[in-house]
Each structure stands twice: as structure tokens, then as C-alpha cells.
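*Asks:* Any chance you can model this:
(one chain, ligands or ions: 1)
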Amino acid sequence: MSAQNAEIMVSCFLCGADDAKEIFRKSRSGRVVKCRDCGAMYVNPRRSGQVMSAVREGDAPPKVQPDEAKWADANAAIRFALLGRWDLLPEPARLLDVGCWTGFFMRAAKRRGWKPTGIEPVAAAAEWGRENLNLDIRTAIFEDADLPRESFELIAFMHALEHLHDPDAAIRRAHELLKPGGVVAIECPNADSFMARIFGGRWRQFIGDHVSFFTPATIARLLNKNGFSKIRVKSIGRAFPLRLVADRIERHYSRSIGGIVEFAIKCVGASNIGITLNPGDIMFAAAVKR
Ligand SMILES: [Zn+2]
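*Replies:* Numbers count the residues shown, from 1 in each chain. Prediction:
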């Protein structure tokens with residue numbers, strides 16, 4: 001057995017217990033279990049190569065859509081508006097985007113007056129953002145990144161936490177890096193959603209890179225135990241061009257239905273029209289450092 005395929009048994013990332021029941025023997029993420037003590041869901045065992053806890057070099061440059069900035073701005077607007085409604089939106093100052101990928105959320109935040117710093121372990125994505133968007137993106141693992149304590153007003157984990165082996169350590173670290181009264185914002189899949197329930201082990205969020213899964217209850221527990229209060233959680237949608245709907249249907253559910261939708265969209269000339277779609281299985285959470 002090569003080191004890449006060695007299997008490692010892990011404890012619950014949320015409460016540390018070793019008492020979990022198998023809920024999906026074979027998903028695309030691997031074997032998914034649920035902690036009997038706290039309800040956290042995670043992949044167990046892990047393949048040693050199934051990690052993002054290492055900087056990843058050598059990937060091809062990421063595929064970036066020509067209108068990506070436009071949609072990133074629209075999606076950032078929805079998220080900042082929600083933080084505002086929750087009274088959890090600090091005055092624009094220093095923002096840390098953990099797992100920022102190419103940096104389009106950072107770019108959108110910068111346009112709103114924020115000074116963003118990004119951390120991204122996939123070297124090719126980080127490099128793309130530095131060179132094309134002129135952003136301060138560090139190729140690094142969040143836990144290892146050299147950042148000053150109590151220096152950020154807002155820390156965002158946009159589709160990042162589900163990739164982490166130890167999301168508890170990451171939120172603890174975020175608490176250290178936030179100024180008193182600073183806000184953490186998290187967007188991640190909701191494993192307790194209707195979509196997750198009906199698709200079971202075939203849920204679109206079970207992919208190779210995802211190892212930690214959350215529900216509104218477990219994300220609230222994670223935030224509470226690491227020193228956050230005023231915890232809010234809500235299902236959130238995404239604005240994107242209609243032509244991508246067909247692409248997503250093809251990729252995740254059905255090739256033939258995706259093809260029909262694509263054809264219909266082309267026929268009515270609606271490829272660049274945007275829609276906000278909320279399948280209900282993505283949640284947005286925020287809380288303030290106490
Ligand atoms: Zn647990």
C-alpha cells in the first residue's frame with residue numbers, strides 16, 4: 001500500500017469522541033460517519049492523499065469565466081447585505097479570506113472598501129489571483145500562515161471549512177486573528193438540508209475534497225465552543241448565468257436533462273441572463289468574537 005492510499009482513522013472534529021455510526025459506506029467523499037455524541041459528520045477513515053492540509057503545487061492554471069467578476073460581485077452583494085441585516089457587518093477594514101481560490105470574493109470586497117488578505121493552499125489559484133487581480137494572496141495553509149493576532153475585522157471561510165481536516169482548529173485560529181468584536185462568516189454545505197436528505201450518499205456535496213460536513217446545529221456548536229456569540233445561520237442562494245444551470249445539471253444529476261435545458265436556454269437566447277438559485281443545501285453563518 002502506498003503512502004498516498006494509506007487509510008487513517010480520525011476522531012470527531014467537533015467533540016473529539018470516537019463513537020460514530022456509518023451513514024454512507026461509499027460516497028464520492030469516501031465513507032461518511034456521524035458522531036453519536038454531537039452529530040458532526042465526517043469522512044472516516046481518510047486517505048492520506050485526501051487532504052488540503054498541504055500546499056498543492058503543480059496544478060494547471062484555474063479555469064476562469066470571462067464574466068466571473070460580475071457574478072462574484074453579485075454574490076458578494078447578497079452576502080454583505082445579509083450580514084448587514086443581521087447587524088454583523090463591521091465597517092470596512094481588514095478582511096481575511098481563508099481558502100480564497102483566485103480571489104474574486106476579495107476583489108468584490110475591495111470594491112466595497114475592504115483591505116483583503118487571502119490564504120490559498122492551491123498554488124496555481126493563488127498565483128492567478130496575485131497576477132490577474134493584483135491581490136495580496138499568500139500560498140499557504142491557514143494554520144501555518146504567519147498573520148498578526150487580533151488584526152482583522154472580518155474573516156471569511158467561503159466554501160473552505162468542508163475541505164479542512166480540523167475545522168475546529170481553524171475556527172479557534174480565526175478567533176485569535178480577529179479583533180475583539182470582529183466577525184467570522186462561513187459559507188458551506190448544509191448536510192441537514194432537504195437536498196442532502198433526498199440524495200443521500202449521492203448528494204452533490206460529497207466530492208473527493210470534502211471531508212467535514214455541517215448542519216446548522218453543528219456549525220453553531222463549533223462557533224459557540226470557540227468563543228463566538230450572536231450566531232446566525234441561514235440558507236443562501238447563488239446568482240449565476242443561466243447557461244451554467246445546464247452545466248450543473250449535467251455534472252451532478254442527469255446528462256440528458258442537462259442537454260435539454262442547455263438547448264432550451266440557447267433557443268431563447270438567454271445564455272447570459274442571470275438568475276439566483278437557492279437549492280437550499282448551502283448555508284451562510286456568521287458570529288461575533290466575544
Ligand atoms: Zn462529536
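
*Asks:* Need the nearest residue in space to residue 28, chain neighbours excluded.
*Replies:* residue 206 (4.8 Å; C-beta to C-beta, 6 or more residues apart in numbering). The way it works is simple: take the backbone N, C-alpha and C, and place the C-beta from them, glycine included.

*Asks:* do you know how far the one you found is from residue 43?
*Replies:* Using C-beta to C-beta, to the nearest Å, residue 206 is found at 9 Å from residue 43.

*Asks:* still on that earlier bit, contacts only, for the residue nearest to residue 28.
*Replies:* Contacts for residue 206 (C-beta atoms under 8 Å, 6 or more residues apart in numbering) come out as 24, 27-29, 32.

*Asks:* on that earlier part again, joint contacts of residue 206 and residue 43?
*Replies:* 29, 32.

*Asks:* and the residue of the stretch 51-200 of the chain found nearest the ion, how many residues sit next to it?
*Replies:* Closest contact between the stretch 51-200 of the chain and the ion, by C-beta to the ion, is at residue 168 (10.1 Å). Using other C-beta atoms under 10 Å, residue 168 has 20 other residues around it.

*Asks:* Which strand or helix spans it?
*Replies:* Assigned by DSSP states H and E, residue 168 belongs to helix 167-177.

*Asks:* Same question for residue 90.
*Replies:* Residue 90 belongs to no helix or strand, assigned by DSSP H and E.

*Asks:* With adjacent residues omitted, what lies nearest to it?
*Replies:* residue 153 (4.2 Å).

*Asks:* and if you look at residue 110?
*Replies:* For residue 110, ignoring the flanking residues on the chain, the nearest one in space by C-beta to C-beta, 6+ apart is residue 116 at 5.6 Å.

*Asks:* What pairs with whichever strand or helix holds that neighbour, parallel or antiparallel?
*Replies:* Element membership of residue 116 [criterion: DSSP H and E] is strand 115-120. Applying DSSP bridges to the sheet, strand 115-120 is found paired with strand 94-98 (parallel), strand 136-139 (parallel).

*Asks:* Let me know the secondary structure of the closest residue to the ion within the stretch 151-290 of the chain.
*Replies:* The ion sits closest to residue 218 of the stretch 151-290 of the chain, with a gap of 8.3 Å, by C-beta to the ion. Three-state assignment for residue 218 (DSSP: H, G, I helix; E, B strand; the rest coil): helix.

*Asks:* Surely it and residue 40 touch.
*Replies:* Yes. Taking C-beta atoms under 8 Å as the definition, residue 218 is a contact partner of residue 40 at 5.0 Å.

*Asks:* Report the distance from the longest helix along the chain to the chain centre.
*Replies:* When the chain is parsed with DSSP state H, its longest helix is helix 68-85. Helix 68-85 sits 15 Å away from the centroid of its parent chain (C-alpha atoms, centre = their mean, to the nearest Å).

*Asks:* for it, packing partners?
*Replies:* For helix 68-85, the elements it packs on are helix 104-111, strand 178-189, strand 238-241, strand 274-277, strand 282-289, judged by 3 or more C-beta pairs under 8 Å, 6 or more residues apart in numbering; DSSP states H and E.

*Asks:* Buried residues of that helix, list them for me.
*Replies:* By 16 or more other C-beta atoms under 10 Å, the buried positions in helix 68-85 come out as 70-73, 75-76, 79-80, 82-83.

*Asks:* what's the angle between that helix and strand 282-289?
*Replies:* Relative orientation of helix 68-85 versus strand 282-289 (axes from the mean of the first three to the mean of the last three C-alpha atoms, to 10 degrees): 50 degrees.
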